[in-house]
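> Next come a sequence and a model predicted from it.
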Amino acid sequence: GENVEQHPSTLSVQEGDSAVIKCTYSDSASNYFPWYKQELGKRPQLIIDIRSNVGEKKDQRIAVTLNKTAKHFSLHITETQPEDSAVYFCAAFTTGNQFYFGTGTSLTVIP
Amino acid sequence: KAGVTQTPRYLIKTRGQQVTLSCSPISGHRSVSWYQQTPGQGLQFLFEYFSETQRNKGNFPGRFSGRQFSNSRSEMNVSTLELGDSALYLCASSLEGTIYGYTFGSGTRLTVV
């Protein structure tokens, strides 16, 4: 089956700096890669996603890049703000209609 | 439009007991998936139900089971609870069990003592 690895597990940045979280996957059949943000005590919420036929996608301060050859995708957050502090999960969707999630990155933005 | 509703929000159970958790999907969503979330392990897939049938199953022991009703509401059951079952249990629903509108509920926090 698919295996998704996510790094780093914790990340601290100064407010205004950029944050990058990376994920790798193993199944070349995976074709959809969402990112979820989970604030403390709340549900995971989709913040951005990318499909396998696209290399990059941006939404204001958030962007995701995908390298299908290397089987990795990354989340980029620019001009970080304290409200960006949360746990971020990557996921890969593959054959069998199943999502595989990374183990999460706890992001802390220091004011 | 109501979101995914999970009940109860919190549960405390004793080792050896069993527990049933409930998930009501977004109206019109026919697929419900269940995940176990523990610190350091991320979200571990339990199973997915679509039109009252289990379509996918993760690598969990048989103590974990589920079902789905005709109105798409789903329940999961854990029998003979162990301390290691303490976790946040999340369900997610979607229209066709694929990628569209995949939405999580707020979860049930289960503590086994």
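Yep, that arrived. Residues are numbered from 1 along each chain as shown, chains lettered A, B, ... in the order given.
> How about the residue nearest the centre of chain B: what's its closest non-neighbour residue?
Central residue of chain B (C-alpha atoms, centre = their mean): B:Trp34, 3.4 Å from the mean position. Once flanking residues are discounted, B:Trp34 sits nearest to B:Leu46: 4.1 Å by C-beta to C-beta, 6 or more residues apart in numbering or on different chains. For the C-beta atoms, the positions are set from N, CA and C on the backbone; glycine is no exception.
> what's the spacing between the one you found and A:Cys90?
As defined by C-beta to C-beta, to the nearest Å, B:Leu46 lies at a distance of 19 Å from A:Cys90.
> The two: which is more packed in?
A:Cys90 (28 against 22; other C-beta atoms under 10 Å in any protein chain shown).
> can you give me the strands in chain B?
In chain B, the segments counted as strands under DSSP state E are B:5-7, B:10-13, B:19-24, B:31-38, B:42-50, B:53-57, B:64-68, B:74-78, B:87-94, B:103-104, B:108-112.
> can you list these in TSV and add mean pLDDT?
Converted to TSV, these look like this (pLDDT from 0 to 100):
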stretch	mean pLDDT
strand B:5-7	97
strand B:10-13	97
strand B:19-24	98
strand B:31-38	94
strand B:42-50	91
strand B:53-57	90
strand B:64-68	97
strand B:74-78	98
strand B:87-94	94
strand B:103-104	92
strand B:108-112	97
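> Can I get those strands in CSV including distance to A:Asn97?
Output for those, formatted as CSV (distance: least, C-beta to C-beta, whole Å):
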stretch, distance to A:Asn97
strand B:5-7, 21
strand B:10-13, 29
strand B:19-24, 18
strand B:31-38, 8
strand B:42-50, 7
strand B:53-57, 6
strand B:64-68, 15
strand B:74-78, 16
strand B:87-94, 9
strand B:103-104, 16
strand B:108-112, 24
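> that older thread, I figured the residue nearest to B:Trp34 was touching B:Gly66, is that so?
Yes: using C-beta atoms under 8 Å, B:Leu46 makes contact with B:Gly66 at a distance of 7.2 Å.
> residues shared between the contacts of those two?
Common neighbours of B:Leu46 and B:Gly66 (criterion: C-beta atoms under 8 Å, 6 or more residues apart in numbering or on different chains): B:34, B:76.
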